[in-house]
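>>> Have a look at this fold, sequence not included:
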């Protein structure tokens, strides 16, 4: 499984495999064991033992205490990153922001209609893929320009499901 780990302003790509662990493409020897019933972990990294206290601060957010130092860490798996990217994360302003299907699937529910003003994080479409329902959310506030799918529609990877127009400074909570 591939993860993207952000710490101290840097992002590292970490891949945990059955045979090896890699960090930024280089193989490292790593073994992690949790002390049952606690937030304490023992990490053996390239032959050096570390005591790590890991506290979850929210979805994908952790605080790690290692060697008397505190680190705020963000962790995102490859699947989550792909879904966020397909849903329009990082889109620049100016044009419509597409919400795309992260993988082939079936539209279960459309939660918006054309003309709706949506806040950042609001669910817009639920797509079932690989027997899991994925709620695709608006990454920024916007006004629904077009809804291009309906419940029951089969969709392909990268297909645009909804287009959002930027609000240009409007407050989405003002009627």
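Now that the structure is in, tell me what you want to look at. Everything numeric in this text was worked out from a predicted model, so none of it was measured. Numbering: from 1, shown residues only.
>>> remind me, longest strand of the protein?
Longest strand in the chain, counting residues (DSSP state E): strand 48-58.
>>> Point out the other helices and strands that that strand packs with.
strand 40-45, strand 61-66 (3 or more Cβ pairs under 8 Å, 6 or more residues apart in numbering; DSSP states H and E). Where you see a C-beta, it was placed from the backbone N, CA and C, and this is true even at glycine.
>>> In contact with the residue nearest the centre of the chain, which residues are there?
The structure's the chain has its C-alpha centroid closest to residue 80; by Cα atoms, centre = their mean the separation is 3.6 Å. Residues near residue 80 by Cβ atoms under 8 Å, 6 or more residues apart in numbering: residue 60.
>>> Ok, residue 77 next?
If you count contacts by Cβ under 8 Å, 6+ apart, residue 77 has them with 1, 2, 3, 4.
>>> okay, it: pLDDT?
Confidence at residue 77, expressed as pLDDT, is 89.
>>> Return the set of residues that bridge with it.
Assessed by DSSP bridges, residue 77 has beta-bridge partners residue 3.
>>> re earlier: tell me the mean pLDDT over the longest strand of the chain?
90.
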